[in-house]
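Model the structure of this input:
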Amino acid sequence: MLGVKRWFGVCLALALGLFQGVAASEELPALRRGINLSHWLQYQGRQPVVAADLAAIRQAGFDHVRIPFDPARLGWNPDASGTAADAWPGLPKLDQAVDSALAAGLEVILDFHPESALRDRIERDAKVGKAFVQAWKMLAARYADRSSTRLAFEPLNEPQYYESDGARRWKRLQTDVISAMRQQAPAHLVLLSGTRGGSIAGLQLMTPLTDPRVRYVFHFYEPMLLTHLNAPWEPFLSGPQGMIKGLGYPSDSPQATANLQLLPGANAQLANDAVKRYVAEKWNAQRMVQEIAKATAWAQRYRVKLVCTEFGALRHSLDATSRNLWLRDVRVAMASAGIGWSVWDYADFFGIATATGSTATTADGVVIPRDPLNPARQFDAGNLAALGLTP
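Got it, this is the predicted structure:
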C-alpha cells in the first residue's frame, strides 16, 4: 500500500511540475506573430495608427504589435537633470498607443527606438547612458500596472557596439537597465538584443543575463543586397543596392538575374561583383534555415528563448513573387525553429499594408494617408499568405 501511495505521490509531483511549467510559460506574452507599427511614434510620424488599424491587424491573425518610439520625438532630453528628465510631453501619446493595442486584444512590445545620433550618444557617453537607465526606470514604473502577460519591454533597438570591447560595454549597460527596470516592473518580459545592429552575429557575441524573464532578440534582413534594393537612404543609396534594379529571389533561380539592369551612373564592377556574390551564396529556403540555425544554436547553448523583432524586404524594389517567397522562406525557417517574429513593417517602406482612400505620396515614394485621424489601409493578400496568415 505504501508503494502505491509513493507512486501516486510521484505522479502528482510530476503533474504539478508540468502544470507549473505550463503556467510559467503562460505568464509572459507569447509573441508568436507580430507586426511593427513603424513611422507612427518615430521619424516623421507619417503612418498614424488608429483603432481600426489595430482591429484589422488582430483580425488578420497577428497576436502582437511592436511599437517603436523615438524618445526624443516624445520629448526626452538626456541632458536635463532631476525631474525634468522624466517630463516627456509626448508620453500620453505612448500611453494611448499601448492601451489602444491592448484594448484590441494584442500583446505589445514597447521598443525604445532612437535615431542613430541619439543611440550613439547612449552607447558612447557615460552621462547619457545613465540618463537612458533612468528613463527606463521611469518607463517601467509608468507601465508596471499593465499586464505582464501582455506587455514586454525592448530597451534599445539595434545596439551598435562594433568595437572589440562592444559586447562587454553593452552587457554592462544592459545589467544597469535591467536592474533599474526590475525595481519597478519585476514581472514583465524584457527583450535584449545583441550588438552589431541586432544581427545574429552580434547575438553570438553575447553572454545572457541570469534573468528568467528575458528573451533575446535578433533582426534579419539577409541578404541586404535584396532586402534593401534601391533603399533611398545611405549607405544603400550609394552602395550596390543603388546601382541595380530587377534583382530576383531565390538567388540560385533563373529569375534572380533575368530582369537585372544597371542604373545610370553605376559602378559596373562593384555592382556586378555584388550580384555574383548574391548568386554564388545561394540565398534560398535552405539557406534561410541555415542562417536562423545560427541563432538557434546560440539559444540552445545558453537555454534561452529567441524572438525576431524585425525582418522584411522593401516593397517597391522587388517583384511581388520574389518578395513573397523571401517572406515565406524566412517565416517558415523561424517557425520551424520555434522562434516568434514581428515583421517590419505595417504600412511604410517595408509595408505589408498600403494606405487607401485619400492619400499622398512622399518624396521617397511612400503612400501615406492625407487625414492622420482617419487613415484607411488594406493588407496585401500575398504578403499575408507568405506570413502564414489568412488574407
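
how about the strands in the stretch 151-300 of the chain?
Assigned by DSSP state E, counting those that start in this stretch, the strands in the stretch 151-300 of the chain fall at 151-154, 189-193, 214-220, 244-245, 261-262.

What pairs with the last one, parallel or antiparallel?
Based on DSSP bridges, the strands next to strand 261-262 in the sheet, each with its direction, are strand 244-245 (antiparallel).

separation between the closest residue to Gln183 other than its chain neighbours and Arg182?
Nearest residue to Gln183, sequence neighbours excluded (CB to CB, 6 or more residues apart in numbering): Lys137, at 6.7 Å. Just so you know, the C-beta spots here come from the backbone N, C-alpha and C atoms, and that holds for glycine as well. Using CB to CB, to the nearest Å, Lys137 is found at 10 Å from Arg182.

of the two, who's got more company?
Between Lys137 and Arg182, counted using other CB atoms under 10 Å, Lys137 has the larger neighbour count: 20 against 16.

Check which helix or strand the more buried one maps to.
helix 126-142 (DSSP states H and E).

Quick one: residues contacting Asp371.
In this structure, Asp371 makes contact with Ser358, judged by CB atoms under 8 Å, 6 or more residues apart in numbering.

where's it relative to Gly357, distance?
Taken as CB to CB, the span from Asp371 to Gly357 is 8 Å.

what about the helices in the stretch 201-350 of the chain?
Along the stretch 201-350 of the chain, the segments classed as helices by DSSP state H, counting those that start in this stretch run 224-227, 268-280, 285-302, 320-336.

Spell out the secondary structure type for Tyr43.
coil (DSSP: H, G, I helix; E, B strand; the rest coil).

is it true that it touches Pro68?
No - the criterion here is CB atoms under 8 Å, and Tyr43 misses it with Pro68 at 9.0 Å.

The two - which one has more neighbours?
The neighbour count for Tyr43 versus Pro68, taken as other CB under 10 Å, is higher for Pro68 (24 against 15).

helix/strand/coil for that one?
Assignment for Pro68 (three-state DSSP): strand.

which non-adjacent residue is nearest it?
Using CB to CB, 6+ apart, the nearest residue to Pro68 is His113, at 3.7 Å.

low pLDDT regions in the stretch 1-150 of the chain?
Counting by pLDDT under 70, the stretch 1-150 of the chain has low-confidence residues at 1-26, 83-85.

hmm, 50 instead?
1-25 (pLDDT under 50).

Please enumerate the helices of it.
2-26, 51-60, 91-103, 116-124, 126-142.

Name the residues of the second one that are buried.
Within helix 51-60, the residues that qualify as buried by neighbour count (16 or more other CB atoms under 10 Å) are Asp53, Leu54, Ala56, Ile57, Arg58, Ala60.

now do the third one
Neighbour-count burial for helix 91-103, with 16+ other CB under 10 Å as criterion, is recorded at Leu91, Lys93, Leu94, Ala97, Val98, Ser100, Ala101, Leu102.

How much space separates the closest residue to Leu387 other than its chain neighbours from Pro375?
In space, and not counting its chain neighbours, Leu387 is closest to Arg331: 5.4 Å by CB to CB, 6+ apart. Distance of Arg331 to Pro375, computed by CB to CB: 26 Å.

Likewise for Asp348?
For Asp348, the distance to Pro375 - CB to CB - is 12 Å.

so what sits against both of the two?
Joint contacts of Asp348 and Pro375 (CB under 8 Å, 6+ apart) are Gln47.

Neighbour count for those two, which is higher?
Higher neighbour count among Asp348 and Pro375: Asp348, with 24 against 21, using other CB under 10 Å.

That one contacts Arg46, doesn't it?
Yes - between Asp348 and Arg46 there is a contact under CB under 8 Å: 7.4 Å.

ok, back up a step: of the buried residues of helix 91-103, closest to Leu306?
Of all the buried residues of helix 91-103, Leu306 sits closest to Ala101, with 22.5 Å by CB to CB.

Neighbours of Phe349, how many?
Neighbours of Phe349 (other CB under 10 Å): 23.

try Ser116
Ser116, neighbours per other CB under 10 Å, totals 9.

For Leu41, see how far away it is.
Ser116 is 17 Å from Leu41, by CB to CB.

on that earlier part again, residue contacts, the residue nearest to Pro68?
His113 neighbours (CB under 8 Å, 6+ apart): Gln42, Pro68, Phe69, Asp70, Asn157.

Could you do Glu281 as well?
Pro223, Ser251, Arg287.

Let me see the contact set for the closest residue in space to the second one that isn't next to it in sequence.
Once flanking residues are discounted, Ser251 sits nearest to Trp283: 4.1 Å by CB to CB, 6+ apart. By CB under 8 Å, 6+ apart, the contact set of Trp283 is Glu222, Pro223, Leu226, Tyr249, Pro250, Ser251, Asp252.
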